[in-house]
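J.: give me the fold of what follows.
(one chain, ligands or ions: 2)
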Amino acid sequence: MTYIISICSGKGGTAKTTSAINLGMALKELGKDITILDANLTAPNLGLNLGFSKIPITLNDVLKGRNHITEAVYVHSSGIKIVPGSIAIKDLSDIYPEALKAAFMDLKKNSELIIVDNAPGLGREVITSMKNSDEILIVANPDLASATDALRTVKLAQNLKVPVRGIVLTRVGSSKSELSMHEIETIIGKKVISIIPEDESLKVATRQKTSITNLYPKSKSALAYKKLAADILGKKFTEEAVKEKKVHKLFRFLGFRK
Ligand code: ADP
Ligand code: MG
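T.: Ligands and ions are numbered 1, 2, ... in the order given. Got it, this is the predicted structure:
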C-alpha cells in the first residue's frame, strides 16, 4: 500500500522543501521507492532545487486536465522521483486544486512512498493535500510566529482527522533568543521528533542540486534527516550503521562485496 506523508507548516520558509528533499533522499537510501510531489502551486521550487530547470510537463498541466500524472514524473540522479510544479505565472490560471485528489490517487499506483511538499498556510491546496495524506509532518522553526502558525496547521489536521506524526524543528541554533524545544512542544501540543541544526551546508547542497545526505552524509543535519527517515520506517538508527555502510561501499569498491 502506498503511504503519503504531507510536509506542512503554517509559516512560509520554515524548510519544508529542504526537509522533503533530504528526508526523501534518506528514505531512498533505506531502500524505499520515493516520489516527492510539489504541491506548492504558487511558489514551486522543488524541481529547481533538484536541478530541473526546463520541465515540459508539470503538475499544473495535470491539474488543468491536459496530461496524466505519470507524464509529469521526473527521475533525479539519486533515483528519487519528483513531480514538479510550473514556475510560469500563466500556468496558475484554470487550476483546480480539487484535481489534486485525482492526481494523488493516480500517483499512488506508481509509488511506494509519496512525500508532499506543501504550500505554507491553510489554503485550498493544503486542505486537499492533507485530506488525502496518511499523515502529516509539521516543519517549524524555534520562533513564536512559526510555532503559533504551526499550531493552526495542527488544529486543521485534527479537524480533518489526519494524524500528525510530530514536529521537525529546523534551523535550530541560529539565534540566541530562540524558543526551547519544550516551549515549542507546549505551544504546538505535539512532540518534536527531529531537530535539524542551522547548517549553511544545506544551502550548499541546494546550490549543487542535491541533498545534504548525499553531499555531507556524516554532517549533523544529514544524520538528523537519516534518523528521521529510519524512525518513520520503524528502523533502528545508529551512526555505526552509517559507518558500516561506508565499509560496505569500500569492500564493494575493492571487489569483496556485491
Ligand atoms: P520552505 O519550503 O518551507 O519555504 P525552504 O526549504 O525553501 O523552506 O527553506 C528556506 C530557506 O532556508 C532556504 O534558503 C534553505 O536553504 C534554508 N534552510 C533550510 N533549512 C536550513 C537549515 N537547517 N540551516 C540553514 N538554512 C536552512
Ligand atoms: Mg517550499
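
J.: sketch out the low-pLDDT regions of the stretch 1-150 of the chain for me.
T.: For the stretch 1-150 of the chain, no stretch is flagged by pLDDT under 70.

J.: mind listing what the nearest residue to Ser201 once chain neighbours are set aside touches?
T.: Counting by C-beta to C-beta, 6 or more residues apart in numbering, Ser201 lies nearest to Tyr216, which is 5.4 Å off, once chain neighbours are set aside. To be clear about C-beta, it is placed using only N, CA and C from the backbone, and glycine gets the same treatment. Applying C-beta atoms under 8 Å, 6 or more residues apart in numbering, we find Tyr216 in contact with Ser201, Ala205, Ala222.

J.: so can I have CSV of those residues showing distance to Ile114, neighbour count and pLDDT?
T.: Output for the contacts of Tyr216, formatted as CSV (distance: C-beta to C-beta, whole Å; neighbours: other C-beta atoms under 10 Å; pLDDT from 0 to 100):
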residue, distance to Ile114, neighbour count, pLDDT
Ser201, 27, 14, 95
Ala205, 22, 24, 95
Ala222, 22, 25, 97
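
J.: which residues in the stretch 51-200 of the chain form strands?
T.: Using DSSP state E, counting those that start in this stretch, the strands assigned to the stretch 51-200 of the chain run over residues 74-75, 81-83, 113-118, 135-140, 164-172, 192-197.

J.: how about the secondary structure of Gly13?
T.: coil (DSSP: H, G, I helix; E, B strand; the rest coil).

J.: ok, the residue of the stretch 51-200 of the chain found nearest ligand 2 to Asp149 distance?
T.: Nearest residue of the stretch 51-200 of the chain to ligand 2: Asp117, at 5.9 Å (C-beta to the ion). Applying C-beta to C-beta, to the nearest Å, the value for Asp117 to Asp149 is 17 Å.

J.: try Val139
T.: 11 Å.

J.: in a strand, Ile36, correct?
T.: Yes: looking at Ile36 with three-state DSSP, it is inside a strand.

J.: surely it and Thr18 touch.
T.: No: with contact defined as C-beta atoms under 8 Å, Ile36 does not count as touching Thr18 (11.7 Å).

J.: neighbour count: Val139 and Asp149, which is higher?
T.: Using other C-beta atoms under 10 Å, the more surrounded residue of Val139 and Asp149 is Val139, with 30 against 20.

J.: quick check, the more buried one in contact with Ile5.
T.: No: between Val139 and Ile5 there is no contact under C-beta under 8 Å: 11.6 Å.

J.: what's the neighbour count on Ala230?
T.: So Ala230, with other C-beta under 10 Å, has 18 neighbours.

J.: and it, how far from Leu223?
T.: Ala230 is 10 Å from Leu223, by C-beta to C-beta.

J.: do the same with Lys236
T.: From Lys236 over to Leu223 (counting by C-beta to C-beta), the distance is 14 Å.

J.: what does the chain put close to ligand 1?
T.: 9, 12-18, 170-171, 196, 198-199, 202-203, 206, 221 (C-beta under 6 Å from any ligand atom).

J.: so what's Glu183 up against?
T.: Taking C-beta under 8 Å, 6+ apart as the test, what Glu183 contacts is Ala147.

J.: doesn't Ser211 make contact with Val204?
T.: No: Val204 is beyond contact range of Ser211, at 11.0 Å (criterion: C-beta under 8 Å).

J.: how about low-confidence regions in the stretch 151-258 of the chain?
T.: 240-249, 252, 257-258.

J.: now with 90?
T.: Along the stretch 151-258 of the chain, segments meeting pLDDT under 90 span 237-258.

J.: can you name the residues bridging to Asn118?
T.: Note on Asn118: beta-bridge partners Ala39, judged by DSSP bridges.

J.: any idea how far the residue nearest to Ser201 is from ligand 2?
T.: 21 Å (C-beta to the ion, to the nearest Å).
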